[in-house]
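Asker: the following block contains a protein sequence and its predicted model.
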Amino acid sequence: MYSSKSDACRFRAIATKLTPSDIENLENGEPVLIPGFSLVMPSDLQEIEAACPGWRGHKTTQCSSKIEEKIISFPFWEDDSRGTPRCILRSSLFGVVRRGKRKAFDHKEIASVANSKIFFTGIQLDQFDLDVYLQCLHLFRGTKNPSKPIKISEKSFLKAMGRASGKTDRIRLRKSLSRLNSGSVQIEIKLEKGRIGYSGTLIEKYTFYEDEKGYRKSFVKINPELARLFDNGLWVSIDWGTRIAFKGYPLAQWLHAFYSTHENPHPYKVDTIRKMCGSDIKNLYDFRAKLKKAIKSISTSTGWKMWIDENDCLNVIRC
């Protein structure tokens, strides 16, 4: 089975390094990277077992209780909706960003509503990134084991987002998943009694394996601890069809998501909306003009009544 004794020694060494999470990933067909070794492939499991019999059962039994303690379930929402913590949509974390204008942030406080604080480190995220993130969360809805990576088909993933699946679209998706995986957030939410927080990445893991023919298997994993931000009514589901209809119009997408978190929204100053959505338009007159176009589009699609009053406040009545 081995080409040399050194191969058997290598596999025995790998067996000592693999964590229960690594084993689970390999069993699900996902390659893993072990420091000090080359990429370990799912096909290597047979070689490892031959070199070190019984290693797998020892590791999984030893750590099973610890793994179970970490499992937290995400809530379930309907297929035509997308769920997410309210605080994410009530901020500029996923902002209105013009093409080629992304900034790099280092623990920057993000504009958000008064009862929450969000700090972000990473490359600025936009509404396309939010589409990707919402679809990732959708894959984990109601799952009993959110710690397990989920295999994704890029074509199906993009189709669910109402996007084409050509090479340019797939590359854009990969870049977005990388941004979501590399960026980190620190979120604090004030409750009626106490506070709740989360610190970590938006996507805990994004991995892929591509063979010599270019066929790619991709996997995503959400940190199970993120599910705590769905407790106590802290999350909301938004109408996915309506959001998709606004693709290409980031301000309309942001407004629709933001006001989907409010049952009875109070008026917000136009300048406050400009800051909250992360717009880089300096001139308030120019932003107001874009805002008027966006609210007209949303009103037509949703039936919501939206207008800017004499105090330069945006009023919204959800019908």
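Answerer: Yep, it's here.
Asker: ok, now which ones touch I295?
Answerer: Residues in contact with I295 (CB atoms under 8 Å, 6 or more residues apart in numbering) are L255, M306, W307, I308, L314. C-beta: built from backbone N, CA, C; applies to glycine.
Asker: dump the helix or strand hosting it to PDB, keeping only the CA atoms.
Answerer: I295 belongs to helix 284-302 when assigned by DSSP states H and E. What follows is helix 284-302, C-alpha atoms only, in PDB (Å, rounded to 0.1, in the frame of the first residue of the first chain):
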ATOM      1  CA  LEU A 284     -26.500  65.600   0.800                       C
ATOM      2  CA  TYR A 285     -28.400  67.100  -2.100                       C
ATOM      3  CA  ASP A 286     -27.000  64.400  -4.500                       C
ATOM      4  CA  PHE A 287     -27.700  61.600  -1.900                       C
ATOM      5  CA  ARG A 288     -31.300  62.800  -1.400                       C
ATOM      6  CA  ALA A 289     -31.900  62.600  -5.200                       C
ATOM      7  CA  LYS A 290     -30.800  59.000  -5.200                       C
ATOM      8  CA  LEU A 291     -32.800  58.300  -2.100                       C
ATOM      9  CA  LYS A 292     -36.000  59.600  -3.800                       C
ATOM     10  CA  LYS A 293     -35.500  57.200  -6.700                       C
ATOM     11  CA  ALA A 294     -34.900  54.300  -4.400                       C
ATOM     12  CA  ILE A 295     -37.900  54.900  -2.200                       C
ATOM     13  CA  LYS A 296     -40.100  55.200  -5.300                       C
ATOM     14  CA  SER A 297     -38.900  51.800  -6.500                       C
ATOM     15  CA  ILE A 298     -39.500  50.200  -3.100                       C
ATOM     16  CA  SER A 299     -42.900  51.700  -2.800                       C
ATOM     17  CA  THR A 300     -43.900  50.400  -6.200                       C
ATOM     18  CA  SER A 301     -42.700  46.900  -5.400                       C
ATOM     19  CA  THR A 302     -43.800  46.500  -1.800                       C
END
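Asker: give me the sheet partners of the following helix or strand past it and which way each runs.
Answerer: Moving toward the C-terminus from helix 284-302, the next helix or strand (DSSP H and E) is strand 305-308. Sheet pairing for strand 305-308, assigned by DSSP bridges, gives strand 313-317 (antiparallel).
Asker: now do the buried residues in the partner strand.
Answerer: C313, L314, V316 (16 or more other CB atoms under 10 Å).
Asker: coming back round to it: so among the contacts of I295, which ones count as buried?
Answerer: L255, M306, I308, L314.
Asker: just the pLDDT for the second one.
Answerer: Predicted confidence (pLDDT) at M306: the value is 97.
Asker: quick one: the nearest residue to it once chain neighbours are set aside from E154, how far?
Answerer: Among residues not flanking M306 along the chain, I295 sits closest, at 4.0 Å (CB to CB, 6 or more residues apart in numbering). Distance, I295 to E154, by CB to CB, to the nearest Å: 34 Å.
Asker: list the contacts of the most centrally placed residue in the chain.
Answerer: Of all residues in the chain, the one closest to the mean position by CA atoms, centre = their mean is Y133, 3.2 Å from it. Y133 is in contact with T84, F94, L180, L202, I203, counting by CB under 8 Å, 6+ apart.
Asker: tell me who's in contact with the nearest residue to the fourth one once chain neighbours are set aside.
Answerer: Read that as L202. Excluding its sequence neighbours, the residue lying closest to L202 (CB to CB, 6+ apart) is L180, at 4.7 Å. Residues in contact with L180 (CB under 8 Å, 6+ apart) are L125, D129, V132, Y133, C136, T201, L202, I203, Y206.
Asker: circling back: quick one: which of the buried residues of strand 313-317 is nearest E24?
Answerer: V316 (45.3 Å; CB to CB).
Asker: helices along the stretch 51-200 of the chain, start to end?
Answerer: Under the criterion DSSP state H, counting those that start in this stretch, helices of the stretch 51-200 of the chain are mapped to 55-70, 86-89, 127-139, 154-160, 167-182.
Asker: winner for burial among the ones you listed?
Answerer: Of all those, helix 86-89 carries the top mean neighbour count, a mean of 24, counting by mean count of other CB atoms under 10 Å.
Asker: pretty sure L251 is touching K292, no?
Answerer: No - taking contacts as CB atoms under 8 Å, L251 lies outside contact range of K292: 10.5 Å.
Asker: who has more neighbours out of the two?
Answerer: L251 (24 against 15; other CB atoms under 10 Å).
Asker: pretty sure that one is in a helix, no?
Answerer: Yes - per DSSP: H, G, I helix; E, B strand; the rest coil, L251 lies within a helix segment.
Asker: count the neighbours of the closest residue to it other than its chain neighbours for me.
Answerer: Closest residue in space to L251, ignoring its immediate chain neighbours: A294 at 4.5 Å, by CB to CB, 6+ apart. For A294, the count of nearby residues is 23 (other CB under 10 Å).
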